[in-house]
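Asks: Below are the sequence and a predicted model; questions follow.
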Amino acid sequence: KIKYPLTSYNDLMFLVPEGWKPGDPTLPEFLIFFDDIQDSIAAVNALQMCLPHAHRAKIAWFNSDMTMDYKETQVTHLCTGEIWGLCTMESFGMGMDVPDIAIVIQWRATCQLIQLWQ
């Protein structure tokens, strides 16, 4: 449910508990799908600010501008728990089989239900 202005990412902040610190339980693995690359990067920046500096790389963006090597590495890190979440585009979900994802979010859904189902 949307509580905050769409110009902020406050509705995503539930993903990083306030005051999270090393030693606390790790975050549930998540994927957030965006319609715009710059929007996904801005969301990552907002979420990372909620984490201690040494843990900010545990939330990353993933899009078509990245190299294939980078994308393969990020998926591997997500599957092994080295990163906790990716802010990505619709194309990430095509043909991907990533186990143990606890939360999937479509940010500002502008598509039809059939597209979300895929």
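Replies: Here it is on my side, so go on. Residues are numbered from 1 along each chain as shown.
Asks: so who does the nearest residue to residue 85 once chain neighbours are set aside touch?
Replies: Counting by Cβ to Cβ, 6 or more residues apart in numbering, residue 30 is the residue found nearest to residue 85 once chain neighbours are left out, at 4.2 Å. To be clear about C-beta, it is placed using only N, CA and C from the backbone, and glycine gets the same treatment. Shown in contact with residue 30 (Cβ atoms under 8 Å, 6 or more residues apart in numbering): 15, 84-86, 101-105.
Asks: Give me the phi and psi for residue 30.
Replies: phi -140, psi 160 (degrees, to the nearest 10).
Asks: Run through the bridge partners of it.
Replies: Beta bridges link residue 30 to residue 85, residue 103, judged by DSSP bridges.
Asks: and it, how far is that from residue 18?
Replies: 17 Å (Cβ to Cβ, to the nearest Å).
Asks: ditto for residue 80
Replies: Taking Cβ to Cβ, one finds residue 80 at 27 Å from residue 18.
Asks: Now do the strands for the chain: every range, in order, please.
Replies: Using DSSP state E, the strands assigned to the chain run over residues 30-34, 59-62, 85-89, 103-106.
Asks: Most tightly packed of the ones you listed?
Replies: Most buried of the strands of the chain by mean neighbour count (mean count of other Cβ atoms under 10 Å) is strand 85-89; its value is a mean of 25.
Asks: helices or strands up against that one?
Replies: strand 30-34, helix 37-48, strand 59-62, helix 68-80 (3 or more Cβ pairs under 8 Å, 6 or more residues apart in numbering; DSSP states H and E).
Asks: go again using 10 Å as the cut-off
Replies: strand 30-34, helix 37-48, strand 59-62, helix 68-80, strand 103-106 (3 or more Cβ pairs under 10 Å, 6 or more residues apart in numbering; DSSP states H and E).
Asks: what's the angle between the first one and helix 68-80?
Replies: So that's strand 30-34. 140 degrees (axes from the mean of the first three to the mean of the last three Cα atoms, to 10 degrees).
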